[in-house]
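Asker: Here is the input, now give the coordinates:
(one chain, ligands or ions: 4)
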Amino acid sequence: MERVVVLDFGGQYNQLIARRVRECNVYCEVKPYTTPLSELQAMEPIGFIFTGGPSSVYEPDSPQVDPAIFSLGIPILGICYGCQLMAHHLGGKVSPATDATAREYGRTETFFDTTSPLFKNLPAQSITWMSHGDYMERVPDGFSLTAHSDACPNVAIADESRGFYGVQYHPEVNHTEYGVKMIRNFLYEVCGAHGEWTMGDYCKRAIAKIREQVGSGRVLLALSGGVDSSVAAALLAEAVGRQLTCVFVDHGLMRKDEGDEVEAAFSKWDLNFIRVDAEERFLSRLSGVTEPERKRKIIGEEFIRVFEEEAKKIGAVDFLAQGTIYPDVIESGLGASATIKSHHNVGGLPDYVDFKEIVEPLRMLFKDEVRQLGRELGLPEYLVSRQPFPGPGLSVRVIGEITREKLDILREADFIFRDELHKAGADASLSQYFAVLTSMRSVGVMGDGRTYDYTLALRAVNTSDFMTADWARIPYDVLDRVSVRIVNEVRSINRIVYDITSKPPATIEWE
Ligand SMILES: Nc1ncnc2c1ncn2[C@@H]1O[C@H](COP(=O)(O)OP(=O)(O)OP(=O)(O)O)[C@@H](O)[C@H]1O
Ligand SMILES: O=c1[nH]c(=O)c2[nH+]cn([C@@H]3O[C@H](COP(=O)(O)O)[C@@H](O)[C@H]3O)c2[nH]1
Ligand SMILES: NC(=O)CC[C@H](N)C(=O)O
Ligand SMILES: [Mg+2]
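Answerer: Ligands and ions are numbered 1, 2, ... in the order given. Take a look at the predicted model:
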């Protein structure tokens, strides 16, 4: 299948670049810039995209590429740092911009040479989104200038004969008006893509691949009832039928009534389904643990131990399947980006796992692609469009030490928040919403008496990719109803706050 390799230099929007390419029906993968050239070549890409990144190419330890990449005859699109890197390697000069020259952040009116393949059929003037402090002082030989802004003469460069294109702005972000069209032009006009990446095709290929990997073996799927593992269940059931057993672990960190709801939903499917009550063992291992990464690692390990035990009971299970998706892999610290959180199913996995092989049929898909695949497989819309719920569950929503009592308080409060949002018809437009027990106490007054109780935080965000997010503007009267109900109906909470931070700088979950 035709593919593009996105070479990661540590930019914030790298996942977005990959998503945009896939939206244009071309498959792509993100690889760290340190990947050996031979490995990149073996992937037989039709094009490379070099991402942005925080470094400056002229610094001694800045990320570099094997210069031989420029002799492969494969087109390259460089974005920001990636553009500067290309210029630097091919004989141009990159320098820090002084105020007088071209340091640009944010929306920028930009002027394009529409005879360039990258800007074909686009307006000659539009808004781009910039974020750079360096600029190309000298453009390499063989390159022409194909865009400029008022502040900067060198906004885009091109060497059509070699298929090398560089842009100083970020075409992948929504603020760049025609960004996706420019990426599409690179793929179709420059790399000669045919657009082979569609969900229907992916579904067929994934089923064939699972059959080939698993043969007549038995598979245990870790099923949470969330979107990813439910889609994985449908896909695996299609591929290997009764060779599949789905194991749902009730770790005592679920939301109110969730365990029973998952069991009820999946008992109706034509599946081998097992619910394991593991509350006691998870809570006892988490007792006294306060550090978020430590909690995540414990949960990741305990999950695997439960799966191993269940596999022994079934007998002759060689394969452990999980609903891991691409952002789980990327966010767990692949490549040049920093590890923000260890996802229990990737970075949180213990060193030793007693299964012959792991099956992760969604490992290369983004969330919206998983939802699309679910629809392709005929899953009901309510299941496919649900808000995500993290594997470590409420353990990352009780700050610090987890106790049964705190979990119960949080479950009740979280239920009221979700219930009121649903009644107000506000839930469908939110990407994710939940309550957090901060474990902080403060003084209040109730029934003329002094209280010294917990502060609860409410969080609701909108996002398309969960990599960046904005806090949701929930109407005040809805927040008011939630607040009144929680302080009245849930004991031990006397103060409620609403989280108004975006991601970045915060993350969606509090731990
Ligand atoms: N309680 C659980 N029991 C069994 N497996 C689980 C449980 N929680 C998580 N997993 C496994 O870990 C994977 C990652 O969890 P994650 O929450 O990202 O996905 P999900 O629950 O399937 O979907 P969603 O992101 O929509 O919640 C799941 O796909 C599943 O394989
Ligand atoms: O399955 C999961 N295992 C985890 O360990 C995990 N941590 C965060 N999340 C979910 O990922 C999205 C981004 O979350 P953050 O902004 O908090 O990193 C949000 O949707 C979070 O709910 C997880 N999902
Ligand atoms: N966003 C980026 O890739 C920034 C690249 C480079 N460090 C600059 O500031 O110009
Ligand atoms: Mg989940």
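Asker: Residue 306: how many residues sit nearby?
Answerer: 18 (other CB atoms under 10 Å). All C-beta atoms are positioned from the backbone trio N, CA, C, and that covers glycine.
Asker: quick one: contacts for it?
Answerer: For residue 306, the contacting residues are 247, 249, 276, 278, 281, by CB atoms under 8 Å, 6 or more residues apart in numbering.
Asker: One more pass at 7 Å, please.
Answerer: Contact analysis of residue 306 by CB atoms under 7 Å, 6 or more residues apart in numbering lists 249, 276, 278.
Asker: same thing with residue 80?
Answerer: 52, 131-132, 168, 170.
Asker: any idea which of the contacts of residue 306 has the most stuff around it?
Answerer: residue 249 (27 neighbours).
Asker: correct me, but that residue touches residue 302?
Answerer: No. In this structure, residue 249 is not within contact of residue 302 by CB atoms under 7 Å, at 8.5 Å.
Asker: Show me where this structure has its helices.
Answerer: Remark: helices assigned in the chain by DSSP state H are 14-23, 37-42, 81-89, 179-185, 199-214, 227-240, 258-267, 279-286, 292-314, 326-331, 367-376, 381-384, 404-423, 476-489.
Asker: least reliable of those going by mean pLDDT?
Answerer: Here the helices of the chain differ in mean pLDDT, and the lowest is helix 326-331 at a mean of 78.
Asker: If we go by neighbour counts, what in it is buried?
Answerer: 326-331 (16 or more other CB atoms under 10 Å).
Asker: Among these, which ones lie close to ligand 3?
Answerer: For ligand 3, no contacts are drawn from these by CB under 6 Å from any ligand atom.
Asker: Spit out the contact partners of the residue nearest the centre of the chain.
Answerer: By CA atoms, centre = their mean, the chain has its centre lying nearest to residue 327, at 3.2 Å. Counting by CB under 7 Å, 6+ apart, residue 327 touches 15, 366-367, 466-467.
Asker: which one of the contacts of residue 80 is nearest residue 496?
Answerer: residue 131 (36.3 Å; CB to CB).
Asker: any idea how far the closest one is from ligand 1?
Answerer: 29 Å (CB to the nearest ligand atom, to the nearest Å).
Asker: my guess is that residue contacts residue 105, does it?
Answerer: Yes. If you go by CB under 7 Å, residue 131 and residue 105 touch, sitting 5.6 Å apart.
Asker: between those two, which one's more packed in?
Answerer: For residue 131 versus residue 105, neighbours defined as other CB under 10 Å are more numerous around residue 131 (20 against 10).
Asker: That one: what's it in contact with?
Answerer: 80, 105, 170.
Asker: what's the closest residue to ligand 2 within the stretch 351-500 of the chain in contact with, if anything?
Answerer: Among all residues of the stretch 351-500 of the chain, residue 390 sits closest to ligand 2, at 3.3 Å; criterion: CB to the nearest ligand atom. When contacts are counted by CB under 7 Å, 6+ apart, residue 390 touches 396, 509.
Asker: now residue 95
Answerer: 134-135, 137.
Asker: What distance do you get for the residue of the chain positioned farthest from its centre to ligand 3?
Answerer: Distance from the C-alpha centroid of the chain peaks at residue 448, with 47.8 Å (CA atoms, centre = their mean). Plainly put, residue 448 is 58 Å away from ligand 3 if you go by CB to the nearest ligand atom.
Asker: which residue does the protein bring closest to ligand 4?
Answerer: Ligand 4 sits closest to residue 226 of the chain, with a gap of 3.1 Å, by CB to the ion.
Asker: Burial check on that residue, number of neighbours?
Answerer: Residue 226 is flanked by 18 other residues according to other CB under 10 Å.
Asker: ok, now which ones touch it?
Answerer: With CB under 7 Å, 6+ apart, residue 226 has these contacts: 386, 388-389.
Asker: List, out of those residues, those positioned next to ligand 1.
Answerer: Answer for these near ligand 1 (CB under 6 Å from any ligand atom): 388-389.
Asker: Output the contacts of residue 226 as JSON lines; include the columns distance to residue 425, pLDDT and neighbour count.
Answerer: Below are the contacts of residue 226 laid out as JSON lines (distance: CB to CB, whole Å; pLDDT from 0 to 100; neighbours: other CB atoms under 10 Å):
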{"residue": "386", "distance to residue 425": "17", "pLDDT": "91", "neighbour count": "13"}
{"residue": "388", "distance to residue 425": "21", "pLDDT": "94", "neighbour count": "15"}
{"residue": "389", "distance to residue 425": "21", "pLDDT": "95", "neighbour count": "18"}
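Asker: So which bits of stretch 492-509 are buried?
Answerer: Buried residues in stretch 492-509 (16+ other CB under 10 Å): 492-496, 499, 503, 507-509.
Asker: quick one: contacts of that stretch?
Answerer: Outside stretch 492-509, the residues that touch it by CB under 7 Å, 6+ apart are 340, 390, 396-397, 409, 413, 432, 442, 444, 446, 451, 453-459, 461, 466, 468-471, 479, 483, 486-487.
Asker: Please repeat the previous calculation with a cut-off of 6 Å.
Answerer: With contact meaning CB atoms under 6 Å, 6 or more residues apart in numbering, stretch 492-509 is reached by 396, 409, 442, 444, 451, 453-459, 461, 468-471, 483, 486.
Asker: In ChimeraX, select just the buried ones from these.
Answerer: In ChimeraX syntax, the buried subset of these is picked out as below (16+ other CB under 10 Å):
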select :396,409,451,453,454,455,456,457,458,459,461,468,469,471,483,486
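Asker: Out of the contacts of stretch 492-509, which are close to ligand 1?
Answerer: When CB under 6 Å from any ligand atom is taken as the criterion, no member of these contacts ligand 1.
Asker: Now, the contacts of stretch 492-509 that are in strands?
Answerer: If you go by DSSP state E, these have 442, 444, 451, 453-459, 461, 470-471 in strands.
Asker: Identify the farthest-apart pair in those.
Answerer: 451 and 470 (33.5 Å).
Asker: interface residues of the protein facing ligand 2?
Answerer: Contact residues, the chain versus ligand 2 (CB under 6 Å from any ligand atom): 296, 340-341, 343-344, 388, 390-392, 432, 466, 503, 507-509.
Asker: Flag the least confident of those residues.
Answerer: Ranking these by pLDDT, residue 344 lands last with 66.
Asker: how far away is residue 18 from ligand 2?
Answerer: Residue 18 is 17 Å from ligand 2, where distance means CB to the nearest ligand atom.
Asker: my guess is that residue contacts residue 6, does it?
Answerer: Yes. With contacts counted by CB atoms under 6 Å, residue 18 reaches residue 6, the gap being 5.2 Å.
Asker: Include pLDDT and distance to ligand 3 when you put the ones in strands among the contacts of stretch 492-509 into a markdown table, please.
Answerer: Below are the ones in strands among the contacts of stretch 492-509 laid out as a markdown table (pLDDT from 0 to 100; distance: CB to the nearest ligand atom, whole Å):
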| residue | pLDDT | distance to ligand 3 |
| --- | --- | --- |
| 442 | 97 | 41 |
| 444 | 95 | 46 |
| 451 | 96 | 49 |
| 453 | 97 | 45 |
| 454 | 98 | 41 |
| 455 | 98 | 38 |
| 456 | 98 | 38 |
| 457 | 98 | 32 |
| 458 | 98 | 34 |
| 459 | 98 | 29 |
| 461 | 97 | 24 |
| 470 | 90 | 21 |
| 471 | 96 | 25 |
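Asker: Where does pLDDT dip in the stretch 51-200 of the chain?
Answerer: The stretch 51-200 of the chain contains residues with pLDDT under 70 at 99-102.
Asker: tell me the domain ranges of the chain?
Answerer: Domain assignment for the chain by automatic domain parsing gives 3-190, 199-384, 397-498.
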